[in-house]
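[1] Provided below are the primary sequence and the corresponding predicted coordinates.
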Amino acid sequence: MTVSTTATTVTTGGALPGGEYDVTVVGAGVVGAAIARELARLPLRIALVDASDDVGDGTSKANTAILHTGFDAVPDSLESRLVREGHRLLSAYAAESGIPVEPLGALLVAWDEEQAAALPGLADKAERNGYRAARIIAAEEVRAREPELGPGALGGLHVPGESIICPWTTTLAYATQAVRAGVDLHLNCRVQKVTSGATHTLATSRGPLRTRHLVNAAGLYADEIDRLLGHADFAVTPRRGQLIVFDELARDLVRHVLLPVPSALGKGVLVSPTVYGNVMLGPTAEDLDDKTDTGSTAEGLALLREKGRRILPALLEEEVTAVYAGLRAATGDDDYAIRAHPAQRYVTVGGIRSTGLTASMAIAAHVVELLADGGLPVAGARELEPVRMPNLGEAFLRPYRDAELIARDPEYGRIVCHCERVTRGEIRDALASTVPPGSPDGLRRRTRARGGRCQGFHCGAAVRSLFEEART
Amino acid sequence: MSRDRTVDVLVVGAGPAGLALAARLAGAGAGHVEVLEREQDAGGVPRHCHHGGFGGPVRPWLTGPAYARRAVRAATAAGATVRTGVSATGWAGPLTLETTSPAGPERITARAVVLATGARERPRSARLVPGSRPAGVLTTGELQQSVHLYGQDVGRRAVVVGAEPVARHAVRTLRRAGTEVVAVVTERPRAAAVPGVPLLTATTVAELRGRGRLSGVAVRHEDGRCGVLACDTVVFTGDWIPDHELARRGGVALDPGTRGPSVDASFRTSTAGVFAVGNALHGVEPAATAAAEGEAAAAPILARLSGAPWPDAGPPLAVRAPLLWVAPNRLKDLGGRPMLLRSDEPLTAPVLTAAQDGRLLWRRRFPVRATPSRSMRLPAGWTDRVDRSGGPVVLAVG
């Protein structure tokens, strides 16, 4: 059964609605939004709450945007299984929803004998993770596949199934579909305290919220929410990843996702095209204490430039478009920390690191099973009405090139952001969408407006004006 | 489906250079001269420069907007077509541009294409300034548009980064918007102060701070002293780069110094039939300089329309540090027009040299002081001595 709801609920301020929700998901990142979407199939009253003014505004907005095969997961781990399933589910969902994905394949490049010696082990690990297309290639083939690579590559592992994806559209598609199917999305709603009895009462920055079942998908703060429920299974250590995004004119320099051979210190620095048509260098890996410290540092940027110069020397000659830092929700453990507490009608989804984007739909399905174990009625599931998201991908038809679209509505021919070719029609649509942006940065994640090389020199004032106009 | 059209000359960009060129060409009977402007209004950067000083010395000083209006009127009065809200997005052939506008995509083929795409300031990210990513971080271009075109609020306390003349315009715009200017910060050892505003020289911006909105700018003096300037706005000024996307996407060779299209003194690029003029060639020069380049390009474009061949460009002109760039930077036709030469450091009475394949071609002491924010004008007479089949000609100090 397909159900469409016209009255959608997204609130950003004021008191929360009364009554009791069947399920509340705390955290509207890519994982929380996926869970809310999965739950939306059930005839239940569901809330998705987030402390921020937008969905996907924490860890989810600043990851490396790769749709992973899971070839390098820890075999037999929960992460391995959910990434493998999630890859399949999200690939299909992306095709249906218009989330841009480019199947470029990845190359792990070995730069010294030690790394070259590690390749057979990685190929074997890929097999144990159920991924059979990975193949060790010689230095000559590495060079032929990536002509701009710096000198000294000794060989590589080709993983043809790795893709790049738009992380912003993914989160937004989940949230949009969930809200259209009746989920209440409450933003600017920070959970401060939880009192549990026959129901949970969440004390939030916008007043109390009562719910029978509770899902903690609070990312960096999942351990703190857990403690409010009396659990101390794990601690989240924010691991900062700084990234440099190079101009779209650098896109021709690289053809694959260029991965380093992983070491004890993590996955290392990669060079990857993005679906927006530019090239990303990063991330660093720095364990911090402060869960809000998303600043870049001179040392971090210098390190990235040094690593990048080795991998792709010509990249360093290109203009820099943006510098980001994101925090991953690292725990002491190698695996996801997804814990069910059936007696409490409570599920914790913690320790979801960079693979969480890929695994999101599989995590959601897994969590709904765990909730059912805690007594959530899961009968009467229906098909959701499909969503069709605006295309942000450079490899697909963008509105400014679409003659038929412009003929129907000339606003799609009126470019406002020149660097990224974002039209007034797209900005108008985003501002009027089911889950509208809470800030100009949110508008950027929905349209690319102001995300290009000039960072607002040409269009900043115009974009801000359109944003403010829509708010009044 | 795109529509296809043909014109005689297609000028991309209706700023001072593009408009001056279009006026001259249309007035000289070059046929259908069409100027594309991606903004809703023609006129280029002067549209949002509400300070005086525009126009040549024989005219009265004009404000930027008045200058822009005058330039648009001159071009249209001469018979050029100026189309606004039209973006050139790529190439469909050597002399065919793809465009988008509310009327739909179009392919326009011209007998001569002129890139007059202007320049922009490098933003904070391109300067790799570390820290958080709060609101309140601007370039002068965005500041001026916010204040003068949109009447937006830009904050209460601002820091201005940079020492070029544009920094002074940023200060003036901020004050006009009612914003207190806390300091002007520059890495340079010396700079002209703005009355009433503390000037911090030999100082770098170490970090931006603040969540949501900017709360302060951490600075470091070269002697090691550090501090934080509390502010809610920071304006990064100067550090210009030509808007060269269309040139690069069309395979037009760039000069490594200017990062704009490499051109000879007749504004010919490496692609036959494609010319480039104005600040697209070298970053920001005064509007009068850009307009003069546009006017000077008319004659070679008219010659091209009458069938003049596209000559080999000759050896490139290169610079050695502390010189930053020279324009034009190919040696064909360097007859009368002086070249613009920019230094990265202040130079007092510098001795400039030109050499080719180790052979000194020219040497001369400049009686003036060169500053990083203004170009020197280099005479071109000595270029007779260049071996047209030789290697690059290198300009250096000393």
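    Nice, I can see it.

[2] contacts, neighbours, all on C-alpha from now
    Fine.

[3] Report the mean per-residue pLDDT for the lengthiest helix in chain A.
    Counting residues, the longest helix found in chain A (DSSP state H) is helix A:78-97. Averaged across helix A:78-97, pLDDT comes to 97.

[4] Where does the residue nearest to A:Thr284 when sequence neighbours are not counted sit: helix, strand or coil?
    The spatially closest residue to A:Thr284, leaving aside those adjacent along the chain, is A:Gly241, at 4.5 Å (Cα to Cα, 6 or more residues apart in numbering or on different chains). When classified by DSSP: H, G, I helix; E, B strand; the rest coil, A:Gly241 comes out as strand.

[5] Next to chain A, which bits of chain B? Give me the list.
    Residues of chain B lying close to chain A by Cα under 8 Å from any Cα of the partner chain are B:1-2, B:38, B:85-87, B:100-105, B:120-123, B:125-133, B:138-143, B:145-146, B:150, B:152, B:206-207, B:245, B:248-249.

[6] hmm, try it at 7 Å
    Residues of chain B lying near chain A by Cα under 7 Å from any Cα of the partner chain: B:1-2, B:85, B:100-105, B:120, B:122-123, B:125-126, B:130-132, B:139, B:141-142, B:145-146, B:150.

[7] Can you name the next helix or strand after the longest helix of chain A?
    strand A:101-102 (DSSP states H and E).

[8] now that following strand: mean pLDDT?
    Mean predicted lDDT for strand A:101-102 stands at 98.

[9] can you give me how far the next helix or strand after it is from the chain middle?
    Moving toward the C-terminus from strand A:101-102, the next helix or strand (DSSP H and E) is strand A:106-110. Its chain's average C-alpha position is 23 Å from that of strand A:106-110, according to Cα atoms, centre = their mean, to the nearest Å.

[10] what lines up beside strand A:106-110 in the sheet?
    strand A:155-159 (antiparallel), strand A:257-260 (parallel) (DSSP bridges).

[11] tell me the most buried of these?
    strand A:155-159 (a mean of 26; mean count of other Cα atoms under 10 Å in any protein chain shown).

[12] The helix or strand just after that strand packs against which elements?
    Scanning forward in sequence from strand A:155-159 by DSSP H and E, the next helix or strand is strand A:163-165. Strand A:163-165 sits against strand A:66-67, strand A:101-102, with contacts defined as 3 or more Cα pairs under 7 Å, 6 or more residues apart in numbering or on different chains; DSSP states H and E.

[13] now these as TSV including distance to chain B and mean neighbour count?
    Converted to TSV, those look like this (distance: least, Cα to the nearest Cα, whole Å; neighbours: other Cα atoms under 10 Å in any protein chain shown):
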stretch	distance to chain B	mean neighbour count
strand A:66-67	23	26
strand A:101-102	22	21
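
[14] Tell me the secondary structure at the closest residue to chain B within the stretch 101-250 of chain A.
    Per Cα to the nearest Cα, A:Leu249 is where the stretch 101-250 of chain A lies closest to chain B, at 7.4 Å. Of the three states, A:Leu249 takes helix under three-state DSSP.

[15] next one: A:Thr284
    Quick answer, by three-state DSSP: A:Thr284 is coil.

[16] For stretch B:197-210, what is the distance to the chain centroid?
    25 Å.

[17] And for stretch A:277-291?
    14 Å.

[18] The residue nearest to A:Thr284 pairs with what?
    Beta-bridge partners, per DSSP bridges, of A:Gly241: A:Gly326.

[19] how close does it sit to B:Pro130?
    From A:Gly241 across to B:Pro130, the span is 13 Å (Cα to Cα, to the nearest Å).

[20] and if you look at B:Arg259?
    Distance from B:Arg259 to B:Pro130, by Cα to Cα: 25 Å.

[21] Tell me which of these two has more neighbours.
    Between B:Arg259 and B:Pro130, counting by other Cα atoms under 10 Å in any protein chain shown, B:Pro130 is the more crowded of the two (23 against 20).

[22] residue contacts, the more buried one?
    A:Gly295, A:Ser296, A:Thr297, A:Ala298, B:Ala206, B:Glu207, B:Leu208 (Cα atoms under 7 Å, 6 or more residues apart in numbering or on different chains).

[23] residue ranges with poor pLDDT in the chain?
    This is for chain A. By pLDDT under 70, the low-scoring segments of chain A are A:1-6, A:264-267.

[24] actually chain B
    Short version for chain B, where the test is pLDDT under 70: B:1-2, B:56-60, B:334-335.

[25] export the lengthiest helix in it as CSV, just CAs?
    Counting by DSSP H, the longest helix found in chain B is helix B:287-305. Extracted C-alpha coordinates of helix B:287-305, given in CSV (Å, rounded to 0.1, in the frame of the first residue of the first chain):
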residue,chain,number,x,y,z
ALA,B,287,38.8,49.8,-14.3
ALA,B,288,40.5,52.4,-16.6
THR,B,289,43.3,49.9,-17.3
ALA,B,290,40.9,47.1,-18.0
ALA,B,291,38.9,49.4,-20.3
ALA,B,292,42.0,50.5,-22.1
GLU,B,293,42.9,46.9,-22.8
GLY,B,294,39.4,46.3,-24.2
GLU,B,295,39.8,49.3,-26.5
ALA,B,296,43.3,48.2,-27.6
ALA,B,297,42.0,44.8,-28.5
ALA,B,298,39.5,46.2,-31.0
ALA,B,299,42.1,46.7,-33.8
PRO,B,300,43.5,43.1,-33.7
ILE,B,301,40.0,41.7,-33.5
LEU,B,302,38.9,43.7,-36.6
ALA,B,303,42.0,42.5,-38.4
ARG,B,304,41.1,38.9,-37.5
LEU,B,305,37.6,39.5,-38.8
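
[26] Alright, I will stop here.
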